[in-house]
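>>> A structural model of the following input is requested.
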Amino acid sequence: MKRYSRPLLYRSRSILQARFVRMRPFSPGLLRKAQKKGTETSDNDQEKAEQTKQRAQILAQKLSGVDKMSVEEAGKWLGAKKRTESRSRSRFNKVTEENDNDRIKSKSPAQIDRELKSRFKKDGIEYDPLFAQQMIKRSKQEEDLINDAIKGGDKIQKVTQDEVLSFVDWLIEDCKKRLPEQGKSNQEEVNEDLEKVMGVEDDDESLVDAFSSVYKLADKLGPSGLDKLFDFLKLLNQGGNGEMKKMVPLDRLVKLFEISGQLLDDRVRDQCVYLSGNLIYSSTPARADPINEKLYIESLVNHGEFKKALELYTSRQSKPDVVDQRFWYELGAEIYLRMSSDETVEAEKIACEIMEKFEYMHPLLISMFVERYLKLSDWDKAIGWWEKMKDVMNTYGLVDHIDIPGPQIVKDSQMVYNYYNRVDPVSWDNVTDCVVDFLKFRRITEAMIIIETATRRDKQYLLHFVDYLEHNVSYPGREYFIMTLENDADNDKQEQKFHSAISGYIRSELDPLRNTHCSSLDEATTLDELSFFLTKQLGNSSMSSENKLIISSLISSISIGSKLMSHECKDLLTILLKSHSRKGYALTSKVLDEMNKSFQLSQLHSTGLFPPASSHTYLVLVQAFGRRPQPKIPEIEALISTMQKLGIPMLTVLANQIVLAYRKAKQYTKALQFIDSFLQDEGSNRLKPTSEFFRNVMVTYRDSIASGGVDKGVRKLRLEKLRWMFKEMLETPGWEMNEPLCNETVVTFLTFGDVASTVCVLENYGLVLDKDISNDLMLAIKLKLEASVVKMESELNDHEKELLTSSIKKYRTDCGLLSIKTNLKPDKEYNWRDAACVLLRYMETFHYHPNPYSFADHWLASASFEQNEETKQKFSTQLKELQKFYSLPEVEIDEIL
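Residues are numbered from 1 along each chain as shown. Prediction:
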């Protein structure tokens with residue numbers, strides 16, 4: 001396998017992307033070819049050198065004849081060159097078009113031995129058992145290597161210490177070379193160098209310089225050590241790479257730490273300092289100097305490792321190298337202030353020590369105290385710490401900015417100590433940090449006090465603050481601030497709390513930025529809380545990438561003050577509910593309240609940023625509450641009540657979900673009551689119920705009986721309602737029954753024991769709508785009737801069984817359960833009379849008086865002919881009455897049989 005002299009990460013990446021071919025053992029012929037190829041290597045090198053020289057001449061001609069070459073063209077040319085020169089001669093690089101299974105198919109030792117014998121014999125060479133054994137062993141090694149590559153490649157990713165050191169040295173040197181160029185993008189540098197190359201004079205010396213410049217361009221277009229630094233440090237920190245970590249000496253780790261501390265990107269610098277610091281502190285008990293240890297401790301705090309940070313801080317606190325250094329005390333206070341638990345008492349103790357010992361505290365630390373107490377809702381202490389910053393302002397002044405040097409390595413340690421112990425005045429940024437912190441918690445009064453104080457010191461500060469609001473504060477925060485100022489300005493002059501001139505200037509400057517206006521302070525507050533909550537959800541690992549895209553879109557809409565669309569609010573509610581957090585549920589309630597207000601305002605032709613609530617809005621919530629293992633019925637009923645109070649029309653799709661929730665909770669009485677109210681409501685009747693809704697209703701009626709515990713009176717009442725509902729279904733203009741609904745209706749009427757209505761359903765479907773009966777429905781009818789037969793059979797005494805056994809057996813054989821195998825075929829369809837005939841044969845078997853729900857009918861088996869005719873006539877009369885009730889053609893029993 002090819003070994004790379006420099007970038008280890010490139011080697012690892014190549015390994016992961018490599019495709020391995022299962023090679024057969026070498027034959028002597030193959031060995032001869034390999035030896036011949038080896039002798040040609042030097043010739044190839046000479047040929048390659050000659051080609052390089054020719055390409056240099058061609059390039060010189062191009063440079064002198066072409067006016068300009070784009071960066072993309074140069075990149076493509078250089079990329080092709082690098083790919084050509086870096087192509088491996090390894091036999092493993094060969095890729096065939098076979099599938100992966102064929103490529104890695106292994107051979108048994110016996111098969112390899114047979115093939116070698118055959119090959120030796122064919123070549124006229126004496127068979128060598130030792131050579132064959134070596135080939136078998138090598139084949140096994142290759143097989144293990146391939147299998148390891150498929151499983152993840154742990155073995156092939158093993159590297160030597162020389163390779164690791166080579167890469168680390170390259171990484172350090174490349175990073176040092178690129179550190180001064182951080183401020184400028186790589187693309188800009190390439191364009192500048194390319195312009196220089198294209199402007200070359202047409203003479204030999206210039207062409208040579210141009211050719212050299214092209215190779216420099218190749219370096220810039222190639223990989224950057226700064227781009228690979230984080231990945232490499234992360235790789236070393238992974239648990240399974242302990243051996244590789246040991247290969248990097250401590251002095252190299254220190255250099256990587258120094259490079260990490262000089263990165264300009266705050267986030268990347270913090271991550272690299274954290275990772276490289278972990279490597280150093282896990283490799284040696286020695287401690288870094290206070291400045292570098294401070295840098296590492298700050299990265300630990302940023303990564304939430306407060307315990308380790310505190311241990312490093314306290315273990316050094318009494319050492320001579322920090323005992324008189326103010327920055328070390330400030331570091332300790334920062335650790336306590338950043339901890340998740342309330343450790344402000346310890347931070348206050350350190351603050352007292354700082355003031356007693358140094359009589360000065362840096363404004364940055366003061367602003368951290370302000371922020372911490374605001375998070376704890378301790379408004380008095382927060383404003384108290386602002387007073388401390390005002391004291392610093394009174395003593396050292398207020399300046400527009402403070403120059404801060406970029407990350408760098410300084411040899412003079414005292415200069416670094418002096419920098420971290422410096423005494424700065426209060427800057428505009430320090431004041432703005434405090435103002436924004438108070439605004440985040442909607443403490444407008446305190447924020448205006450700070451603004452007024454700074455403005456009295458320097459009127460230019462107000463311009464700076466307004467510009468900051470315009471470019472750094474999102475729409476919800478600005479809107480809440482402006483609306484509060486407007487409300488105060490509307491009061492009488494004696495009741496106004498804010499400085500009228502300052503307030504008026506802020507409003508006049510920010511008002512043109514308001515493309516939209518919130519309807520209330522509550523709406524602005526809700527938007528602000530949503531923006532903060534959604535931003536945190538971007539880091540939620542349980543959120544899918546699709547949901548994170550939705551979240552990003554929502555944050556963008558909120559931050560610019562765009563009116564939210566209905567579909568956006570549906571997505572918003574879904575995200576809030578998927579968070580499974582109290583804050584998410586609380587915001588769901590607030591969003592719904594704002595949408596309800598918008599619905600009321602829309603009737604007055606005025607709305608806020610939230611769209612009016614609709615049935616689709618409530619559908620999201622009902623689905624969330626109803627699809628739980630234990631549906632939250634009280635919450636669903638509260639939503640229904642709110643819709644009714646506001647007059648929001650209910651769509652059938654929402655009604656369907658409500659019925660499903662009731663049924664899942666086995667609250668059938670409430671489900672049927674809701675169905676009645678929905679179908680009887682004039683508003684909802686304007687929206688035609690769907691077949692899916694009626695199917696759901698049929699299942700609910702059926703389950704209400706099948707669940708048991710229903711007395712005869714309730715059963716009769718529900719059957720009457722079911723008949724009326726079926727009648728309304730048939731009489732609805734433009735609506736007709738489909739196959740799934742027909743199947744559900746048939747089974748439901750059979751569950752109620754209403755055979756006559758079941759025949760009417762089949763008549764409507766087959767005779768009126770001219771549709772065939774599916775074999776699925778025929779099977780369902782026979783199975784349902786068989787269940788009734790079994791019930792009645794179990795209650796018959798011996799004498800009754802003797803009288804009815806033959807007729808029951810005949811029914812089962814001719815059209816009941818035993819006929820399923822012979823009569824039902826997958827592709828067979830039936831006329832409606834075929835299905836109705838099965839029902840009537842069942843009735844005939846039990847003398848038109850089957851009653852699977854009450855078995856005290858001992859006259860059933862011994863009834864006279866006259867009694868049987870009487871019950872048949874009663875059933876026939878009932879069938880005719882129901883046919884008339886359902887507005888169906890009259891069809892006699894004999895016409896069906």
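
>>> what distance do you get for residue 519 to residue 512?
According to CB to CB, to the nearest Å, residue 519 stands 20 Å off from residue 512. Every residue, glycine included, has its C-beta placed from N, CA and C.

>>> need the contact list for residue 261.
Residue 261 is in contact with 269, 273, 292, 295, 407, counting by CB atoms under 8 Å, 6 or more residues apart in numbering.

>>> quick check: phi and psi on it?
phi -70, psi -10 (degrees, to the nearest 10).

>>> how is the protein partitioned into domains?
8-146, 362-514, 518-613, 639-732, 736-897 (automatic domain parsing).

>>> helix, strand or coil: sort out residue 508 for me.
helix (DSSP: H, G, I helix; E, B strand; the rest coil).

>>> with mean pLDDT added, can I get the domains of the chain in CSV?
Formatted as CSV, the domains of the chain follow (pLDDT from 0 to 100):
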stretch, mean pLDDT
domain 8-146, 49
domain 362-514, 93
domain 518-613, 91
domain 639-732, 87
domain 736-897, 82
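
>>> have a look at residue 519 and residue 512 and say which one is more surrounded.
residue 519 (17 against 8; other CB atoms under 10 Å).

>>> surely the more buried one touches residue 601?
Yes: between residue 519 and residue 601 there is a contact at 6.3 Å, judged by CB atoms under 8 Å.

>>> tell me, what's touching those two both at once?
Going by CB under 8 Å, 6+ apart, residues that sit against residue 519 and also against residue 601 are 607-608.

>>> and the most centrally placed residue in the chain, how far from residue 872?
For the chain, the residue nearest the mean C-alpha position is residue 544 (1.8 Å; CA atoms, centre = their mean). According to CB to CB, residue 544 and residue 872 sit 64 Å apart.

>>> packing partners of the strand or helix carrying residue 292?
Assessed by DSSP states H and E, residue 292 sits inside helix 290-302. With contacts taken as 3 or more CB pairs under 8 Å, 6 or more residues apart in numbering; DSSP states H and E, helix 290-302 sits against helix 266-283, helix 306-316, helix 326-338, helix 413-420.

>>> of those helices, give the one that comes closest to residue 180.
Relative to residue 180, the nearest member of the helices and strands packed on helix 290-302 by CB to CB is helix 266-283, separated by 15.7 Å.

>>> other SSEs contacting the closest one?
Applying 3+ CB pairs under 8 Å, 6+ apart, we find helix 266-283 packed against helix 225-237, helix 250-260, helix 290-302.

>>> for the last one, which outside residues touch it?
Applying CB under 8 Å, 6+ apart, the set of residues contacting helix 290-302 from outside is 257, 261, 270-271, 273-274, 277, 281, 287-288, 306, 308-309, 312-313, 316, 321-322, 325, 327-328, 331, 334-335, 338, 413, 416-417, 420.

>>> again with the first one
The set of residues that contact helix 225-237 without belonging to it, under CB under 8 Å, 6+ apart, is 7-9, 167, 170-175, 177-179, 182, 241, 244-245, 248, 256, 259-260, 263, 268, 271-272, 275-276, 278-279.

>>> please pick the buried ones from those residues.
7-9, 167, 170-172, 174-175, 178-179, 244-245, 248, 256, 259-260, 263, 271-272, 275-276, 278-279 (16 or more other CB atoms under 10 Å).

>>> how about the domains of the chain in a markdown table, adding distance to residue 234?
As requested, the domains of the chain are exported to a markdown table (distance: least, CB to CB, whole Å):
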| stretch | distance to residue 234 |
| --- | --- |
| domain 8-146 | 11 |
| domain 362-514 | 20 |
| domain 518-613 | 17 |
| domain 639-732 | 47 |
| domain 736-897 | 56 |
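
>>> quick one: closest of those domains to residue 348.
Among the domains of the chain, domain 362-514 comes nearest to residue 348, with 8.3 Å by CB to CB.

>>> centre of the chain to that closest one, how far?
36 Å (CA atoms, centre = their mean, to the nearest Å).

>>> that domain: end-to-end distance?
37 Å (CA to CA, to the nearest Å).

>>> I'd say residue 486 and residue 510 touch.
No: the criterion here is CB under 8 Å, and residue 486 misses it with residue 510 at 10.7 Å.

>>> between the two, which has more neighbouring residues?
Neighbours of residue 486 and residue 510, each counted by other CB under 10 Å, are more numerous for residue 510; the result is 18 against 12.

>>> hang on, the earlier thing: quick check: phi and psi on the residue nearest to the centre of the chain?
Per degrees, to the nearest 10, the backbone of residue 544 is at phi -70, psi 160.

>>> tell me the secondary structure at residue 515.
The three-state assignment at residue 515 reads coil, by three-state DSSP.

>>> so it touches residue 561, yeah?
Yes: Residue 515 is within contact range of residue 561, at 5.8 Å (criterion: CB under 8 Å).

>>> looking at the two, which one has more neighbours?
residue 561 (20 against 10).

>>> what strand or helix carries that one?
Going by DSSP H and E, residue 561 is not part of any helix or strand.

>>> who are the contact partners of it?
The contact partners of residue 561, taken as CB under 8 Å, 6+ apart, are 475-476, 479, 514-516, 609.

>>> contacting residues for the residue nearest to it when sequence neighbours are not counted?
Once flanking residues are discounted, residue 561 sits nearest to residue 475: 3.5 Å by CB to CB, 6 or more residues apart in numbering. Applying CB under 8 Å, 6+ apart, we find residue 475 in contact with 527, 558-561.

>>> any idea how far residue 475 lies from residue 447?
As judged by CB to CB, residue 475 and residue 447 stand 17 Å apart.

>>> right, and residue 433 touches residue 368 too?
No: contact criterion CB under 8 Å: residue 433 and residue 368 do not qualify, at 9.2 Å.

>>> ok, which of the helices and strands packed on helix 266-283 comes nearest residue 882?
helix 225-237 (76.4 Å).

>>> what are the buried residues along the closest one?
225-226, 228-230, 232-233, 235-236.

>>> ok, now stretch 873-891?
Quick answer for stretch 873-891 (16+ other CB under 10 Å): 875, 879-880, 882-883, 886, 888, 891.

>>> which of the residues you listed lies closest to residue 697?
Using CB to CB, the buried residues of stretch 873-891 come closest to residue 697 at residue 886, 17.0 Å.

>>> find the nearest non-adjacent residue to that closest one, please.
Excluding its sequence neighbours, the residue lying closest to residue 886 (CB to CB, 6+ apart) is residue 760, at 5.2 Å.

>>> circling back to that earlier point, most neighbours, which of the contacts of residue 561?
Counting by other CB under 10 Å, top hit in the contacts of residue 561: residue 479 with 25 neighbours.

>>> who's in contact with the closest residue to that one other than its chain neighbours?
Nearest non-adjacent residue to residue 479, counting by CB to CB, 6+ apart: residue 524, 4.6 Å away. By CB under 8 Å, 6+ apart, the residues touching residue 524 are 476, 479-480, 483, 518.
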